[in-house]
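Chemist: Coordinates only, no sequence provided:
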């Protein structure tokens, strides 16, 4: 497994492989890897001739009051896990490499970035789009893999790729969960034991929506109320608990097309997100 910091060296490796006709899978990460990330690596190793991962805590997607400084950094453990799974190249740039002095060019957010996370984390997707576009340029892979836990992020990246004619296929992979149903996240390690138990309410709220749909309920207001009833007693605050169109993330009155239930809530000082596809 090669580990590189230089953008030129990273590009040279991937471009050489592509020129040879080999397929390359890309897994962009911010490190603090867990089984959710490793499931993306396994998918790439299965699908592609070569697999590339990136580890970079991207400062431009964090707001001024968010957890950039305390975001977990576990580089040695991350590299060991990637090596064990057969990753071929890991790009580990510095902040100065990707955002040198005078950097001022950003990718604007598509419409799908405006609701949900866009309302509560203004500027977040501007940073996400910019770093993802930079990585796509530095590492011109065949397929890029992202976890569906960040459903809106996958939607926004797909829109960027389509709108800007980026020659890479974006694949969203299923959310990986702990045995008790909690969606895996690098931020779960912030939770105390008591908070960890309360955090399970996100999955219970999504399960409540699924049960109502199974019973024939299609009114979005009732589905959203059911989520909030579960969340209210266990979370410290709720940013959103919404059911929206899964293609464009637009509001719905009834579930009459593929939809998705999405939650963002605070447990203690930790902000957690989760979602469930509602294709009934």
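Modeler: The structure has been received and is ready for your questions. Treat the numbers as computed from the prediction; the structure is a model and nothing was measured.

Chemist: Now do the same for stretch 199-210: mean pLDDT, whole number.
Modeler: In this model, stretch 199-210 has an average pLDDT of 98.

Chemist: and residue 275, that one's in a strand?
Modeler: Yes. Counting by DSSP: H, G, I helix; E, B strand; the rest coil, residue 275 falls inside a strand.

Chemist: Across the sheet, point out what pairs with it.
Modeler: For residue 275, the beta-bridge partners are residue 262 (DSSP bridges).

Chemist: burial count for it?
Modeler: Residue 275: 22 surrounding residues under other Cβ atoms under 10 Å. Placement of C-beta: from N, CA and C, glycine included.

Chemist: Tell me which residues touch it, please.
Modeler: 148-149, 151, 175, 206, 260-263 (Cβ atoms under 8 Å, 6 or more residues apart in numbering).

Chemist: cool, and residue 237?
Modeler: Counting by Cβ under 8 Å, 6+ apart, residue 237 has contacts 265-266.

Chemist: Can you give me the pLDDT of it?
Modeler: At residue 237, the model reports a pLDDT of 98.

Chemist: Would you mind measuring from it to residue 231?
Modeler: Per Cβ to Cβ, to the nearest Å, residue 237 is found 10 Å from residue 231.

Chemist: Look up the residues that both of these two are in contact with.
Modeler: residue 265.

Chemist: Narrow the contacts of residue 275 to those that are buried.
Modeler: Buried members of the contacts of residue 275, scored by 16 or more other Cβ atoms under 10 Å, are 148-149, 151, 175, 206, 260-263.

Chemist: Reformat the residues you listed as a markdown table; add distance to residue 139.
Modeler: Formatted as a markdown table, those follow (distance: Cβ to Cβ, whole Å):
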| residue | distance to residue 139 |
| --- | --- |
| 148 | 22 |
| 149 | 22 |
| 151 | 24 |
| 175 | 24 |
| 206 | 34 |
| 260 | 29 |
| 261 | 33 |
| 262 | 29 |
| 263 | 32 |
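
Chemist: show me where the stretch 101-250 of the chain has helices.
Modeler: 117-120, 124-138, 151-163, 193-199, 201-214, 220-232 (DSSP state H, counting those that start in this stretch).

Chemist: what about this protein, any weak spots by pLDDT?
Modeler: Applying pLDDT under 70 to the chain picks out residues 280.

Chemist: Spatially central residue for it, please.
Modeler: The centre of the chain sits closest to residue 150, judged by Cα atoms, centre = their mean, with a distance of 3.6 Å.

Chemist: Run a quick neighbour tally on the closest residue to that residue other than its chain neighbours.
Modeler: Leaving aside its chain neighbours, residue 150 sits nearest to residue 273 (7.1 Å; criterion: Cβ to Cβ, 6 or more residues apart in numbering). For residue 273, the neighbour count with other Cβ under 10 Å is 21.

Chemist: Dump the helices of the stretch 101-250 of the chain into TSV; add distance to residue 14 as well.
Modeler: What follows is the helices of the stretch 101-250 of the chain, written out as TSV (distance: least, Cβ to Cβ, whole Å):
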stretch	distance to residue 14
helix 117-120	30
helix 124-138	8
helix 151-163	17
helix 193-199	38
helix 201-214	37
helix 220-232	42
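
Chemist: re earlier: might one say that the residue nearest to residue 150 is in contact with residue 266?
Modeler: No. When contacts are counted by Cβ atoms under 8 Å, residue 273 is not listed as touching residue 266 (10.7 Å).

Chemist: one step back: among the contacts of residue 275, which one sits closest to residue 32?
Modeler: For the contacts of residue 275, the residue nearest residue 32 by Cβ to Cβ is residue 149; the value is 14.0 Å.
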